[in-house]
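Visitor: Coordinates for the following, if possible.
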Amino acid sequence: MTQNDDIYTLTIPNTPEPLDTPAFDMGGWIKTGWWILLGVLTSLVTVIGYLE
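Guide: Next up is the predicted model:
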């Protein structure tokens, strides 16, 4: 019983989902936004090059 209780008390503080998920979502949004920006820039460059 004591071992199971120790594992339970260890796993709960180590995984604070309410604190972790917003930061993770922000990182994901920043990464996707960066990739979208890169895609828009590359498409603009290719369109301009094609028009010229």
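Visitor: Count the neighbours of Thr46 for me.
Guide: Thr46 sits with 10 neighbouring residues when counted by other C-beta atoms under 10 Å. (Each C-beta comes from the backbone N, C-alpha and C, glycine too.)
Visitor: do Leu41 as well
Guide: Count around Leu41 with other C-beta under 10 Å applied: 10.
Visitor: Quick one: residues contacting it.
Guide: For Leu41, the contact set (C-beta atoms under 8 Å, 6 or more residues apart in numbering) is empty.
Visitor: what about it, helix or strand, and which?
Guide: Element membership of Leu41 [criterion: DSSP states H and E] is helix 17-51.
Visitor: what does the average pLDDT come to for that helix?
Guide: What helix 17-51 shows for mean pLDDT is 76.
Visitor: residues near Gly39, how many?
Guide: As a measure of burial, Gly39 has 10 neighbours, counting by other C-beta under 10 Å.
Visitor: Would you mind measuring from it to Thr32?
Guide: 10 Å (C-beta to C-beta, to the nearest Å).
Visitor: before we move on, what about Val40?
Guide: 13 Å.
Visitor: List the residues that contact Ile30.
Guide: For Ile30, the contact set (C-beta under 8 Å, 6+ apart) is empty.
Visitor: likewise the one 4 residues further on?
Guide: With contact taken as C-beta under 8 Å, 6+ apart, Trp34 is in contact with no other residue.
Visitor: From Ser43, how far out is it?
Guide: Taken as C-beta to C-beta, the span from Trp34 to Ser43 is 15 Å.
Visitor: what's the answer for Glu52, then?
Guide: In terms of C-beta to C-beta, Glu52 sits 15 Å off from Ser43.
Visitor: Which one's more surrounded, those two?
Guide: Taking neighbours as other C-beta under 10 Å, Glu52 and Ser43 compare with Ser43 leading, 10 against 5.
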